[in-house]
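Asks: What shape does this take:
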Amino acid sequence: MAAIITDQLKRQVIQDLFDDITDSAGAKYYIGIGRSQTWNDSDVAPTPINSEREERNFRLNMQSMKRVADYSFVVPRYNWSSGTTYSQYNDNISGYPLNPYYVITEANSVYICIKQARNSAGVAQVSTVEPTGVLTTPFTTSDGYTWKFLYNINTLDASKFLSANYMPVQFVGKLDSDGGGSITSAASYIEQKGVQNAAVAGGLANITITSGGAGYDPADPPSIVIRGDGKHAQASATIQSGVITNIEFNDSTDGVPLLGNDYNFAEVVFSGGGAPTTEAAARPVLAPIGGFGADPRNDLRSTAIMFNVKPDGEEDGEFVVGGAFRQIGIIRNPEIPDSDALYTAISGNALRRLQLAGSGGPGLNIVVGSTITGQTSNAKGVVDKVDSDEVWYHQTETTGFLQFQEAETISDGANTAQVQLVATDADSDAYVEGAVDPFSGKILYIENRAKVDRSPTQTEDIKLIIQI
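Replies: Numbering: from 1, shown residues only. Now for the predicted structure:
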């Protein structure tokens with residue numbers, strides 16, 4: 001049995017995820033970092049495996065997490081570049097063509113190519129004129145390309161979601177000025193809302209020639225009739241050597257291509273043109289549902305969402321500095337240790353801690369990145385952070401999972417420290433749980449990376465993308 005999963009379903013899955021994050025009373029999403037120990041002798045990150053063990057090991061290695069507050073639909077980024085041949089929008093392809101059909105300009109404005117420039121022989125031409133302006137209607141540049149402005153990426157969104165390979169795309173719902181909407185009435189959003197409202201439903205994008213025919217009279221080109229359930233689309237043909245090589249939509253009095261409106265289906269019919277020996281054939285390409293600009297997520301076929309967090313230094317003591325991490329993941333609804341209550345703070349530490357006895361910084365000689373061993377329990381753990389009275393650590397399949405005991409001595413092989421006796425404990429285990437339980441919540445994404453060192457003044461800009 002042959003079947004497909006449509007882009008509409010993919011976008012709906014991403015939209016459901018988007019809505020789940022947006023609901024302030026709903027789920028909480030966090031980006032977590034971890035794994036301070038090396039991957040292997042060369043410390044080259046392996047490709048993660050989609051398995052329960054991979055998720056479990058990610059949890060074991062987790063250091064800290066920060067709640068996701070910034071997220072956006074995204075699409076692959078294609079910068080406009082002079083001398084590039086761009087594809088025209090086509091409703092008969094899946095995903096993205098080899099030559100992109102939309103661009104982002106130096107001004108961070110996004111345009112979609114409705115009609116590719118072609119010469120009289122029907123050969124595609126390169127783009128040499130960068131599209132500019134914020135017209136709500138399609139326009140043709142002097143190099144023959146027809147573009148449609150979709151939206152501008154404002155400075156704040158660019159800092160959060162614009163990367164070397166991806167760019168944000170969004171649908172603007174109600175603005176604050178509309179009466180309590182969730183989207184601020186920034187100038188770029190107001191501008192995009194105007195483009196959305198001006199979209200013409202059921203318009204055509206272009207006409208694809210499937211057969212140029214033969215024997216057409218260039219002095220008497222055929223008339224083109226576009227039949228369907230819509231109206232107002234008008235086009236004309238270019239003839240070279242008896243062959244129809246190009247079809248352009250006619251312009252209205254204000255120079256706007258007559259793409260028509262309200263078409264759910266359409267066909268192209270040729271009549272006249274002298275005495276052609278072979279009839280030409282062409283197919284009208286319909287615009288996305290709602291028309292170009294109505295929803296850029298549809299125009300640009302977005303099936304991905306980007307999460308962005310920026311851990312700043314120690315994050316009020318919840319993030320490790322002076323160490324490193326090699327894994328990043330997305331966690332939905334982590335919980336407080338020994339509780340069913342959701343963790344809701346901005347940042348949280350997932351490491352266990354050993355409280356140290358004595359004075360004068362007894363643990364400062366323990367080396368971050370080393371493996372400590374309990375001299376009584378023989379428990380082992382990888383050290384992630386050390387301060388004057390605590391050692392923060394995690395355990396893995398390699399260290400084993402024996403627990404350190406109260407009042408025992410720990411050693412990293414060269415340095416020792418004494419674990420503080422906590423007399424109120426009901427057991428002899430010495431560890432103190434972190435703020436968040438790493439074994440709670442659902443792991444939605446795991447990424448292995450090269451070593452990233454963290455310093456007290458460092459801010460990571462972590463952008464993660466889920467693609468359906």
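Asks: Please parse the protein into its domains.
Replies: Segmentation of the chain into domains, based on automatic domain parsing, reads 13-67+320-457, 201-286.
Asks: Quickly, which of these bottoms out on average pLDDT?
Replies: Lowest mean pLDDT of these: domain 13-67+320-457, a mean of 90.
Asks: Any idea how far apart the tips of that one sit?
Replies: Domain 13-67+320-457 has its terminal residues 38 Å apart, counting by CA to CA, to the nearest Å.
Asks: now what about the host helix or strand of residue 464, what contacts it?
Replies: Residue 464 is part of strand 462-467 when elements are defined by DSSP states H and E. Strand 462-467 is touched from outside by 14, 17, 31, 33, 74, 161, 163, 166, 303-311, 328, 330, 444-445, 447, with contacts defined as CB atoms under 8 Å, 6 or more residues apart in numbering. All C-beta atoms are positioned from the backbone trio N, CA, C, and that covers glycine.
Asks: try 10 Å
Replies: Under the criterion CB atoms under 10 Å, 6 or more residues apart in numbering, residues 10, 13-14, 17, 31, 33, 66, 68, 70-71, 74, 76, 160-163, 165-166, 302-311, 328-330, 444-447, 449, 452 lie in contact with strand 462-467.
Asks: With stretch 19-30 instead?
Replies: 15, 17, 64-71, 182, 305, 307, 309, 329-335, 342-348, 350, 436, 441-442, 444.
Asks: Show the buried residues in the residues you listed.
Replies: Neighbour counting by 16 or more other CB atoms under 10 Å classes 15, 17, 64-68, 70-71, 305, 307, 309, 329-335, 343, 347-348, 350, 436, 441 among the contacts of stretch 19-30 as buried.
Asks: Which of the residues you listed fall in helices?
Replies: Helix and strand membership here follows DSSP state H; of these, those in helices are 15, 17.
Asks: in the stretch 51-200 of the chain, which spans are helices?
Replies: 52-61, 155-161, 187-198 (DSSP state H, counting those that start in this stretch).
Asks: Buried residues, the shortest one. List them.
Replies: Using 16+ other CB under 10 Å as the test for burial, helix 155-161 gives 157, 160-161.
Asks: For those, give me a markdown table that also has pLDDT and distance to residue 170.
Replies: Converted to a markdown table, those look like this (pLDDT from 0 to 100; distance: CB to CB, whole Å):
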| residue | pLDDT | distance to residue 170 |
| --- | --- | --- |
| 157 | 93 | 8 |
| 160 | 95 | 11 |
| 161 | 96 | 9 |
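Asks: hmm, back to that, from the contacts of stretch 19-30, which land in strands?
Replies: 64-67, 70-71, 305, 307, 309, 329-332, 347-348, 442, 444 (DSSP state E).
Asks: residue contacts, the nearest residue to residue 119 once chain neighbours are set aside?
Replies: Spatially, and ignoring its direct neighbours in sequence, residue 119 is nearest to residue 125 (5.9 Å; CB to CB, 6 or more residues apart in numbering). By CB under 10 Å, 6+ apart, the residues touching residue 125 are 85-86, 116-119, 143-145.
Asks: run the last query once more with 8 Å
Replies: Taking CB under 8 Å, 6+ apart as the contact definition, residue 125 lies against 85, 116-119, 143-144.
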